[in-house]
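Visitor: Turn this into a model:
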Amino acid sequence: MLTSKVSCWLVAILLGILLLETCKGQNWSSFQNKHIDYPETSASNPNAYCDLMMQRRNLNPTKCKTRNTFVHASPSEIQQVCGSGGTHYEDNLYDSNESFDLTDCKNVGGTAPSSCKYNGTPGTKRIRIACENNQPVHFELVLS
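Guide: The predicted model follows:
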């Protein structure tokens, strides 16, 4: 009887961990979809670029995302931030040693996916990312 209770608890704990990891949705593949655009997609202006990319990458499936940053560097260049191209900040966060060309997209109107409008700001800045197994999994912020 005790063994089956322990087994049920272990299964519940393992399922919880699996669901938590799945819900995070943070992995190298999703990072690339959300944050890497190399070479940079052409658009008439930064706002049009953000509107296009947020829609093209399906980043607003149920509501408008408040903010998203696209980095215009190759996946291998960005991946280096998790190693020799970055400096450990804390936990699994790393700051890039070099600046990257990027476009920061901020929602300026709309809540439904079909009405999202973005203000795009291009720049060249350092970034902070979260890494797992030497791969970027989360874009934390643009450094000043």
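Visitor: What are the buried residues along stretch 80-87?
Guide: Residues 80-82, 86 are the ones in stretch 80-87 that count as buried (16 or more other CB atoms under 10 Å). Heads up, the C-betas are built off the backbone N, CA and C, glycines and all.
Visitor: Which member of those is positioned nearest I129?
Guide: Nearest to I129, judged by CB to CB, of the buried residues of stretch 80-87 is V81 at 5.7 Å.
Visitor: For that closest one, which three-state class applies?
Guide: helix (DSSP: H, G, I helix; E, B strand; the rest coil).
Visitor: was I right about it contacting C131?
Guide: Yes: with contact defined as CB atoms under 8 Å, V81 counts as touching C131 (7.4 Å).
Visitor: Average pLDDT for stretch 102-109, rounded please.
Guide: For stretch 102-109, mean pLDDT is 96.
Visitor: For that stretch, which outside residues touch it?
Guide: Stretch 102-109 is contacted from outside by 37, 40, 46, 49-50, 53-54, 64-72, 115-125, 127, 142, using CB atoms under 8 Å, 6 or more residues apart in numbering.
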